[in-house]
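Chemist: Pasted the sequence and its predicted model underneath.
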Amino acid sequence: MAGLLSFIHRNWQNAVGAPKATKAKDAIKIGVLGAANIAPMALFTPARYHPEVIIYAVAARDRKKAEAYAKQHAIPHVFSTYEELLASPLIEAVYVPLPNGLHLEWALKALKAGKHVLLEKPSVSNAAEAALLFNHPLVTAPNAPVLLEAFHYRFHPAWMAFVAQLDRPNVVHARASLTIPGKHMGFGPDDIRFNYALAGGALLDLTYTMSIVRGIYGASPTACTSCEVATMPSPPGDGLCDYKYDAAWTFPNGGTAETHGNLQAGLVEALKDFANAEAVHRPVVVPDAALPEGQEKVRTRRVALYNFIGPAMWHRIDVEDRFVVRKKGSEELVREWTVKESKKAYTLRDVGIDRPSEPYWWTYKYMLDEFVNRVRGREGTGAWIEHEDSVEQAKTIDMAYAVSRLPLRQTTKFDTASL
Ligand SMILES: NC(=O)C1=CN([C@@H]2O[C@H](COP(=O)(O)OP(=O)(O)OC[C@H]3O[C@@H](n4cnc5c(N)ncnc54)[C@H](OP(=O)(O)O)[C@@H]3O)[C@@H](O)[C@H]2O)C=CC1
Ligand SMILES: O=C1OC[C@@H](O)[C@H](O)[C@H]1O
């Protein structure tokens, strides 16, 4: 009962109940490129209770659409084009929730205009684009603006608490799944997710699972050993975009991984395997001074995080340790037992970080805080997506497409050297 009440309270607070912040005089004015569906959840809601962020303007390809969107979300300024928004000197940072195939172009244009950039995931369409973006002088110059790929889950204490239970060198298998009931969320065949020219495809849209297994190993995969895909039929889709993938991987320590993504799952299927991460470890000898000479204690650990994507709503971290005591140098068992523990981490204090935070903060709020900290040159929690990480992530997605029957996502025709 207490769990249900906190669930309701947390989610009510995030949606409407948390007090609106009084904005600081020097709050960062953010401009939004595109009247995107994701922006209210990923940016406007956390900005409402962030004292240092003002959602200042939106631009859309159609001014009327931008005006209606601005009215709906109480955004004070509207620009008729993305270029006009970028030219506004009052805007300090830009949020880019455009289709994936436009990320590189508009991130660079925003950086060129001197704006800090919060760039939706996946940062770009492929590894070639990642090299173009993250090695671009606008990004690598000293004092370049902040550029962050919005992998929001990494900023939440639940992910930190999950990682704290891992013994990375001894992980032997990782699994990550993201199962989205897309048909019930309006992701029809004409959605950007199924448009090859805009770098659609589930491997990119549900890029999280590859990020998760990389995060579990703390390394990039050595190979993608298989990648089965199901595509949106052609027509009405273009036949080149996966709505579902099941991929297998190997990692530098010899471990394996599997990643599963589905954008067109049924509701029951989605509930069963929504957004889960799991790490299985090899058996390791653990010291136990109480054991007699000639015996040793061996632990085999499994750690799972349920709901990595929306942990503020609800999540659970299961740590299951199977212990055996055996005679040294033999497999002969003396005894065996299992210890199971479930954990939760909603605040930074829950993971031993002495900084302000609230249980109702979504992943997006934790991420926005760190974005603001970087922009202001302040120390943060340490959670961040380094550019090298974004590059490795793009290479990983390419590895999966390369062994699937689908082509790599296209590189933009935009001339990045022109900036
Ligand atoms: N962090 C998260 O939890 C999530 C992240 N995302 C990411 O955010 C991005 C946007 O996703 P989402 O909000 O669902 O998408 P939407 O289709 O709702 O928004 C995309 C926006 O891109 C603009 N746009 C510009 N050019 C084109 C074009 N040629 N075709 C279509 N749209 C165009 C449109 O803006 P205009 O108004 O100017 O027409 C549109 O509003 C993606 O990169 C996606 O991966 C998505 C969902 C969740
Ligand atoms: O969080 C998400 O879940 C649904 C996806 O389609 C979306 O793009 C992704 O970021």
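Modeler: Thanks, I have it. Numbers count the residues shown, from 1 in each chain. Ligands and ions are numbered 1, 2, ... in the order given.
Chemist: And the helices in this structure?
Modeler: For the chain, the helices defined by DSSP state H occupy 2-12, 39, 45-48, 63-72, 82-87, 103-112, 127-134, 137-140, 157-164, 202-205, 208-217, 267-272, 363-375, 387-403.
Chemist: Redo these as CSV? Include mean neighbour count.
Modeler: Heads up, the C-betas are built off the backbone N, CA and C, glycines and all. Compiled in CSV, those are given as follows (neighbours: other CB atoms under 10 Å):
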stretch, mean neighbour count
helix 2-12, 12
helix 39, 23
helix 45-48, 22
helix 63-72, 15
helix 82-87, 18
helix 103-112, 23
helix 127-134, 21
helix 137-140, 14
helix 157-164, 23
helix 202-205, 26
helix 208-217, 26
helix 267-272, 12
helix 363-375, 23
helix 387-403, 20
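Chemist: who wins for proximity to ligand 2 among those helices?
Modeler: Taking CB to the nearest ligand atom, helix 202-205 is the member of the helices of the chain nearest to ligand 2, at 4.6 Å.
Chemist: Other residues contacting that closest one?
Modeler: 100, 122, 125, 193, 210, 227, 229, 241-245, 247, 261-263, 397, 400-401, 404, 409 (CB atoms under 8 Å, 6 or more residues apart in numbering).
Chemist: let's see it at 7 Å
Modeler: 100, 122, 193, 242-245, 261, 263, 397, 400-401, 409 (CB atoms under 7 Å, 6 or more residues apart in numbering).
Chemist: Any quick ChimeraX command for the buried ones out of those residues?
Modeler: Entered in ChimeraX, the line below selects the buried ones among these, by 16 or more other CB atoms under 10 Å:
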select :100,122,193,242,243,244,245,261,263,397,400,401,409
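Chemist: The helices of the chain: which one's closest to Ile317?
Modeler: The closest of those to Ile317 is helix 157-164. By CB to CB, the value is 5.2 Å.
Chemist: quick check: angle from the closest one to helix 363-375?
Modeler: Angle, helix 157-164 to helix 363-375, by axes from the mean of the first three to the mean of the last three CA atoms, to 10 degrees: 80 degrees.
Chemist: pLDDT score for Pro122?
Modeler: You'll see Pro122 listed with a pLDDT of 98.
Chemist: Run through the residues that contact the residue nearest the centre of the chain.
Modeler: Nearest residue to the geometric centre of the chain (CA atoms, centre = their mean): Phe151, 3.0 Å. With contact taken as CB under 7 Å, 6+ apart, Phe151 is in contact with Lys121, Ser211, Ile385.
Chemist: what about the residue nearest to it when sequence neighbours are not counted, neighbour count?
Modeler: Residue nearest to Phe151 in three dimensions, not counting chain neighbours: Ile385, with 5.0 Å by CB to CB, 6 or more residues apart in numbering. Residues near Ile385, counting by other CB atoms under 10 Å, number 22.
Chemist: can you tell me how far Ile385 sits from ligand 2?
Modeler: 14 Å (CB to the nearest ligand atom, to the nearest Å).
Chemist: same question, Leu178
Modeler: 7 Å.
Chemist: bridging residues for that residue?
Modeler: Gly261, Ala275 (DSSP bridges).
Chemist: right, and it touches Met210 too?
Modeler: No: distance between Leu178 and Met210: 10.2 Å, which falls outside the contact criterion (CB atoms under 7 Å).
Chemist: Let me see the confidence value for the residue of the chain positioned farthest from its centre.
Modeler: Each residue of the chain has a distance to the centre, and by CA atoms, centre = their mean the biggest one is for Glu293: 47.7 Å. Note on Glu293: pLDDT of 93.
Chemist: What of Pro233?
Modeler: On the pLDDT scale, Pro233 gets 83.
Chemist: what does Leu4 give?
Modeler: Listed pLDDT for Leu4 reads 84.
Chemist: Could you check how far it is from Met313?
Modeler: Using CB to CB, to the nearest Å, one gets 12 Å for the distance from Leu4 to Met313.
Chemist: could I get the contacts of Phe151 as TSV with distance to ligand 1?
Modeler: Listed next are these as TSV, based on distance: CB to the nearest ligand atom, whole Å:
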residue	distance to ligand 1
Lys121	6
Ser211	12
Ile385	12
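Chemist: can you list these in TSV and add distance to Asn253?
Modeler: Converted to TSV, the contacts of Phe151 look like this (distance: CB to CB, whole Å):
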residue	distance to Asn253
Lys121	26
Ser211	18
Ile385	23
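Chemist: Closest one to Phe134 out of these, please.
Modeler: Ile385 (11.0 Å).
Chemist: Identify the residues contacting that closest one.
Modeler: Contacts of Ile385 by CB under 7 Å, 6+ apart are Leu148, Glu149, Phe151, Arg154.
Chemist: filter the residues you listed down to the ones close to ligand 2.
Modeler: Contacts with ligand 2 are made by none of the contacts of Ile385, judged by CB under 6 Å from any ligand atom.
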